[in-house]
Each structure stands twice: as structure tokens, then as C-alpha cells.
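Colleague: give me a 3D structure for the following:
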Amino acid sequence: MRHAELLGKRVKHDIVHNGLVLVPAGVALEKAHIELLENYRVDPDEIRMAEQESGAQDSESAAMMSQAVQFTKEMFERVREVGHLDPDEIEHTLTPMVMQISENKDMFSLFHTVKAKDEYTHQHNIGVSVLSTLIGRWLGWGDDEVSLLSLAASLHDVGKVRIPDGILLKPGRLTADEYAEMKLHAVYGYEILKANPKINPRVALVALQHHERNDGRGYPYGIRNSEMDAMSRVVAVADIFHAMSSRRPYHEPMPFYRVVSEMRNGSFGELDPHIVGIFLEQIIRHLLGRQVKLSDGRWGEVVYLDPQEDMHPLVKVGDGFIDLKRERHLNIEEIII
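Modeller: Residues are numbered from 1 along each chain as shown. Predicted coordinates for the structure are as follows:
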């Protein structure tokens, strides 16, 4: 097989040369990728193609996401009405959907799918659950623990059913009193879940602790990293990443570089640095080969990542190249899906 015959096909696994990821899994090979593989003398016969086209997988993920959001919406309404939920129904219906969504190998397409665009509360729950599931796998957790983590993440905000819609859906900044009421959702969620003997106590702890922070500046009790359940620390990372990346009632999604910067800054005090490190490492390595929008409005393709300065890659724009390590005033604004 010749390199040219691979044009337009998607790779099944990362293409690696001497420890450098040339093309990440899930990317459809374009002319620039082919030239890169030829330059590094990668044997085309050793490249494994994905069995399923990403477009079909993206459509399946989007459809599954809609179903999961609708299920969550109906579940939360029942909790609001009767005060409790059925964990067996969640475990056998919602968790498998989350697991299937998280199998999408195209990282940024997956992020686009789970990003909240409207109905923030319900989309946020599923988005956080999918991201938490991914993080659990990247941490090397076993299947049972990842499944429990997925369940816990999908219920982390269940306490919001007790928050008035006037506060929950308010388009502007909350007053001090409204914010104090909003913060109670962590306690409310814990009470709802703790009262159900079928629910694993760790699931209730995640609802209680997902806004706690390593440095003790979180809520509701201001506990520190060592006192938090490991699942709570994972969900805290997923929760912040998803919130910053999504459109919320009170602000627009942050640019990609800002999200990564905020996450890294948070790892020095607020968030578990080990979890943040693994999460961002997995995200950023999938930048290679992606089409991106720069902060000056130009579009290009990431063709090289410097491990020491991974958020300042080499970007091919038209017939030229922009080295973001030199052009410090430019950043990656958006990943093009």
C-alpha cells in the first residue's frame, strides 16, 4: 500500500515515531498528514485504519446524548415530584448510554457532542458523566469502579431539583443570597442520595464533595484533598472543564486556550494536580492534525506539538507556518469539528 491510498481514511490507533505522536487516533488523514508520514518514513502497511467511519460514530454519539439528556430531564422531574429515584433504572439505562458515548475515539468531536448548548443543567450532568468516565479509564481504574464513577457523575447535581428555577436559570450574575442558596445543592443532593439504601454511599459523597477544593476553599464544608473521595476529585475536574467549555445561562463558553490555562492554574491549588495532568495530557495530544481557529480569526492545522510548550504548537496556515511559541500574542481559540 502507498501513502496516497490512505488519504481520507481514519487511523485506528495513534501513529507514533520515536515517542512522538504524528497523528492521533480518530483523525482522517489529509494531504499534510500524508506528507508528514512520508517524511518520517512511516510504513503505510503498519497503519491500522478505523473500521467505522467517525461521521457515523459522531451521529450515534449525538443521538445517544439526546436520549441520555431526555432521560436525565425526566429523572430529575420525578425526583422533584416524589423526592427519590430508582438507581436500578439509572444503572441499566443511563450508565450504558454514557459508556457508549464515551467510546467515541475522536476526542474533540466527543467534546463537541457533550458540550452544553441549551438546557444546561441536564446536558451538564451527562457531559460531566462522560468526561468523568474517560478520566477514570485514563487513571487505569477497573470497569466496576469506572461504572460507579459514571453513575455518581450523572447524579452529582441532583440536588439542584430543590433549587428554585428563578435562581437555577437566572441569566445574570447571582446575588450573594442567591449564590448561598445555589451552593446548598451539594447538601441537598447528598440528602436525596443518602436516603436511598440502594445507592452506594460513594455516589452520595460525590454529590456532596464535587465543589470542594484541594486548598480547602470549596464548599459546603471547606475540606481538603486528603478528605475527599477519589471519585469526587475526578468529578470536580470534569465539572469545571465542562462548565467552562459550555454555554451557560450567565456566560458564553471560554476559548480553548483559556480553558486549558484555567485548568492548569487550578491544579496548583484547587484541583487534584495528578488528575488534571492526565486529563490535559490526553486532550492536548489529540490536537495534532486538528483544524483550529486562532485568536486573530485565521484558520490552520496543528502540525507539530512541542512537549515543553504544548499550547504553543506549530500551525500550518495556507502555504505558511505560524510558530505560536514565537507569536505569543496568538492562541488557539477554537478546535474545528
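Colleague: any idea which helix or strand carries the nearest residue to Pro255 once chain neighbours are set aside?
Modeller: The spatial neighbour of Pro255 that comes closest, neighbours along the chain excluded (C-beta to C-beta, 6 or more residues apart in numbering), is Glu333 at 4.6 Å. The C-beta positions use only the backbone N, C-alpha and C, and glycine is treated the same way. Assessed by DSSP states H and E, Glu333 sits inside strand 332-335.
Colleague: residue ranges for the helices of the chain, please.
Modeller: 31-39, 54-82, 87-89, 95-101, 107-114, 120-138, 143-154, 165-168, 176-183, 185-194, 201-209, 230-245, 256-266, 273-285 (DSSP state H).
Colleague: reformat these as JSON lines; add distance to Lys9.
Modeller: Formatted as JSON lines, the helices of the chain follow (distance: least, C-beta to C-beta, whole Å):
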{"stretch": "helix 31-39", "distance to Lys9": "10"}
{"stretch": "helix 54-82", "distance to Lys9": "10"}
{"stretch": "helix 87-89", "distance to Lys9": "40"}
{"stretch": "helix 95-101", "distance to Lys9": "24"}
{"stretch": "helix 107-114", "distance to Lys9": "16"}
{"stretch": "helix 120-138", "distance to Lys9": "25"}
{"stretch": "helix 143-154", "distance to Lys9": "30"}
{"stretch": "helix 165-168", "distance to Lys9": "45"}
{"stretch": "helix 176-183", "distance to Lys9": "48"}
{"stretch": "helix 185-194", "distance to Lys9": "45"}
{"stretch": "helix 201-209", "distance to Lys9": "40"}
{"stretch": "helix 230-245", "distance to Lys9": "29"}
{"stretch": "helix 256-266", "distance to Lys9": "26"}
{"stretch": "helix 273-285", "distance to Lys9": "20"}
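Colleague: distance to Asp215, mean neighbour count and mean pLDDT added to those helices, as CSV?
Modeller: Formatted as CSV, these follow (distance: least, C-beta to C-beta, whole Å; neighbours: other C-beta atoms under 10 Å; pLDDT from 0 to 100):
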stretch, distance to Asp215, mean neighbour count, mean pLDDT
helix 31-39, 42, 16, 81
helix 54-82, 31, 16, 83
helix 87-89, 33, 13, 89
helix 95-101, 30, 20, 93
helix 107-114, 27, 22, 79
helix 120-138, 21, 25, 93
helix 143-154, 23, 22, 96
helix 165-168, 27, 13, 92
helix 176-183, 17, 13, 97
helix 185-194, 17, 21, 97
helix 201-209, 14, 23, 98
helix 230-245, 12, 24, 96
helix 256-266, 10, 18, 89
helix 273-285, 12, 17, 93
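Colleague: of all those helices, which one comes closest to Pro24?
Modeller: The minimum distance between Pro24 and the helices of the chain falls on helix 273-285, with 6.1 Å, by C-beta to C-beta.
Colleague: that closest one to helix 107-114, inter-axis angle?
Modeller: Put simply, helix 273-285 runs at 110 degrees to helix 107-114, going by axes from the mean of the first three to the mean of the last three C-alpha atoms, to 10 degrees.
Colleague: and helix 273-285, how far out from the chain's middle?
Modeller: Once both centres are worked out by C-alpha atoms, centre = their mean, to the nearest Å, helix 273-285 turns out to sit 11 Å from its chain's centre.
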